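Peer 1: with the input below, show me the fold.
(2 chains)
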2 protein chains.
Amino acid sequence: MSVTARFVTIEGIEGVGKTTQVARLSAALSAHGIQHVVTREPGGTPLAESIRNVVLTAGEELLPPMAELLLMFAARAVHLTNHVEPNLRSGRWVICDRFTDATYAYQGGGRHLSLDNIRQLEAMVLGARRPDLTVLLDTPVPQALQRAQQRNAGAAADRFESERTEFFERVRAAYLARAAAEPRRIETVDAAQSVDEVAARILKLLEARSWIS
Amino acid sequence: MSVTARFVTIEGIEGVGKTTQVARLSAALSAHGIQHVVTREPGGTPLAESIRNVVLTAGEELLPPMAELLLMFAARAVHLTNHVEPNLRSGRWVICDRFTDATYAYQGGGRHLSLDNIRQLEAMVLGARRPDLTVLLDTPVPQALQRAQQRNAGAAADRFESERTEFFERVRAAYLARAAAEPRRIETVDAAQSVDEVAARILKLLEARSWIS
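Peer 2: Model prediction:
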């Protein structure tokens, strides 16, 4: 029985299976009797979702990259203050589909925004809070995009999912660079494996930290 | 005939007559044949207004002060990139009802947010851009709030206008501190004078800079 609530984030580009693995992890935690909530960024509360909607549906007016970055961190401040921190304080684990590493990867790597600016915003919004564990689901971009496209067949692609392969190559590279820089926090998992294999690998990461047994 | 487009901002707490003086200044510039646009913050474009609406209508969920600050600067980035800068480049003056000084006054002075954070965000979003002239309309808080309340009688007060006198005293003090620190850019005008007197004083500030004759 765990006594400390853990903050676990799942990261990766479109199509690597984040949503599926978040659901599998949630089911496994429930089987272990661990109270937890599942959430996502950008979004996670009604107010944060309304900020997310500004980003995703900017319409005909250009959303400057700096404005997008600030909206991401505004939504994150809402999500942290109103949802993540209260749950952790109450002893519930928080499993989050994307967090600040996604900002470094998408806005930094993908859109070439200044990493210094991202670091300043991270300090303002997160304070000392960091995920206890970040699982980076990684697979070559062509395979991931093929899966994302199959899933979205017939649906309207949002702004991010209509971006080009080259963009996602930069995002993936930024993710891998972060994993290399913070190997204790960020664990890279080969997402080309089967769903069962990936789910088992993630549980092993929790067992290795003695968070579950 | 002016050859350089000027960026003029009008600042002050609720009830000092900003909207009236912006309209008077616009009429005077038209009489001088000066092409210009009138705009406001937060807002100024449809996308920036949609961000403003998140701030003003957060509903039942708490909007953390840091999130409010980031939304303000996100709306400012949109407004600058999509409206202010293109107009200045085209030779049109921009007259703006509130700008970054309002963030220092309301979020810094009023809500006690870190001035260092505001300065970092100002550097990120504004780069080297600053108003060429800022007119601070100043009057003691009780007089200003009385005018604001008369104007809003019967209308639903928004989040900011329902704040307390003590809050506006802090906001006013922060405005005056900024004017003291940047006396060349920020001109304080006694807003207890008549509308005509205030309008004449503002025109004299432009004449003193040889922007109009």
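
Peer 1: A:Val135 is in contact with A:Val8, correct?
Peer 2: Yes: A:Val8 is within contact range of A:Val135, at 7.1 Å (criterion: C-beta atoms under 8 Å). C-betas here are computed from N, CA, C, even on glycine.

Peer 1: higher neighbour count, the two?
Peer 2: Taking other C-beta atoms under 10 Å in any protein chain shown, A:Val8 and A:Val135 do not tie; A:Val135 has more neighbours (26 against 22).

Peer 1: now do the buried residues in the lowest-mean-pLDDT helix or strand in chain A.
Peer 2: None of the helices or strands of chain A scores lower by mean pLDDT, DSSP states H and E than helix A:141-151, at a mean of 84. The neighbour-count check on helix A:141-151 (16 or more other C-beta atoms under 10 Å in any protein chain shown) flags A:141, A:144-145, A:147-148 as buried.

Peer 1: same list (those residues) but as JSON lines, adding distance to A:Arg209.
Peer 2: Putting those into JSON lines (distance: C-beta to C-beta, whole Å) gives the following:
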{"residue": "A:Val141", "distance to A:Arg209": "30"}
{"residue": "A:Ala144", "distance to A:Arg209": "27"}
{"residue": "A:Leu145", "distance to A:Arg209": "32"}
{"residue": "A:Arg147", "distance to A:Arg209": "29"}
{"residue": "A:Ala148", "distance to A:Arg209": "30"}
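
Peer 1: and of those, the nearest to chain B?
Peer 2: For those, the residue nearest chain B by C-beta to the nearest C-beta is A:Ala148; the value is 26.6 Å.

Peer 1: what residues does chain A put near chain B?
Peer 2: A:45-47, A:50-51, A:54, A:58-59, A:61-64, A:66-67, A:70-71, A:73-75, A:77-78, A:81-82, A:114, A:117, A:120-121, A:124-125 (C-beta under 8 Å from any C-beta of the partner chain).

Peer 1: show me how to select, in PyMOL, the buried members of these.
Peer 2: Remark: buried members of those, expressed as a PyMOL selection using 16+ other C-beta under 10 Å:
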select buried, chain A and resi 45+47+50+51+54+58+63+64+66+67+70+71+73+74+75+77+78+81+82+117+120+121+124+125
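
Peer 1: among the residues of chain A next to chain B, name the ones in helices.
Peer 2: Among those, the ones falling in helices (DSSP state H) are A:46-47, A:50-51, A:54, A:66-67, A:70-71, A:73-75, A:77-78, A:117, A:120-121, A:124-125.

Peer 1: ranges for the strands of chain A?
Peer 2: A:7-11, A:36-40, A:93-97, A:133-138, A:186-190 (DSSP state E).

Peer 1: other residues contacting the longest one?
Peer 2: Right, strand A:133-138. Contacts with strand A:133-138, where a contact means C-beta atoms under 8 Å, 6 or more residues apart in numbering or on different chains, come from A:6-12, A:16-18, A:21, A:99, A:101, A:172, A:175-176, A:178-179, A:182, A:185-191, A:198, A:202, A:205-206, A:209.

Peer 1: same question, the last one
Peer 2: Contact with strand A:186-190 is made by A:11, A:101, A:133-139, A:176, A:178-179, A:198, A:201-202, A:205, as judged by C-beta under 8 Å, 6+ apart.

Peer 1: wait, isn't A:Phe167 in contact with A:Ala105?
Peer 2: No: judged on C-beta under 8 Å, A:Phe167 makes no contact with A:Ala105 at a distance of 10.7 Å.

Peer 1: low pLDDT regions in chain A?
Peer 2: A:1-3, A:152-163 (pLDDT under 70).

Peer 1: which residue of it lies farthest from its centroid?
Peer 2: Distance from the C-alpha centroid of chain A peaks at A:Glu60, with 27.4 Å (C-alpha atoms, centre = their mean).

Peer 1: picking that back up, drop anything exposed from the contacts of strand A:186-190.
Peer 2: A:11, A:101, A:133-139, A:176, A:178-179, A:198, A:201-202.

Peer 1: from B:Gly59, how far out is the nearest residue to A:Gly109 once chain neighbours are set aside?
Peer 2: Take A:Gly109 and drop its neighbours on the chain: the residue closest to it by C-beta to C-beta, 6 or more residues apart in numbering or on different chains is A:Ala174, 2.6 Å away. According to C-beta to C-beta, to the nearest Å, A:Ala174 and B:Gly59 sit 35 Å apart.

Peer 1: count the neighbours of A:His112 for me.
Peer 2: Residues near A:His112, counting by other C-beta under 10 Å: 10.

Peer 1: contacting residues around it?
Peer 2: By C-beta under 8 Å, 6+ apart, the neighbours of A:His112 are A:Pro65.

Peer 1: what does A:Met124 give?
Peer 2: A:73, B:66, B:114, B:117, B:120.

Peer 1: quick one, what contacts the residue nearest the centre of chain A?
Peer 2: Compute the mean C-alpha point of chain A, and by C-alpha atoms, centre = their mean the closest residue is A:Arg98, 1.1 Å away. Counting by C-beta under 8 Å, 6+ apart, A:Arg98 touches A:9-11, A:18, A:40-42.

Peer 1: run the last query once more with 6 Å
Peer 2: With contact taken as C-beta atoms under 6 Å, 6 or more residues apart in numbering or on different chains, A:Arg98 is in contact with A:Glu41.

Peer 1: mind checking how far it is from chain B?
Peer 2: The gap separating A:Arg98 from chain B is 18 Å, by C-beta to the nearest C-beta, to the nearest Å.

Peer 1: report the contact partners of the spatially closest residue to A:Leu70 that is not a sequence neighbour.
Peer 2: Spatially, and ignoring its direct neighbours in sequence, A:Leu70 is nearest to B:Ala74 (3.8 Å; C-beta to C-beta, 6+ apart). For B:Ala74, the contact set (C-beta under 6 Å, 6+ apart) comprises A:67, A:70-71, B:51.
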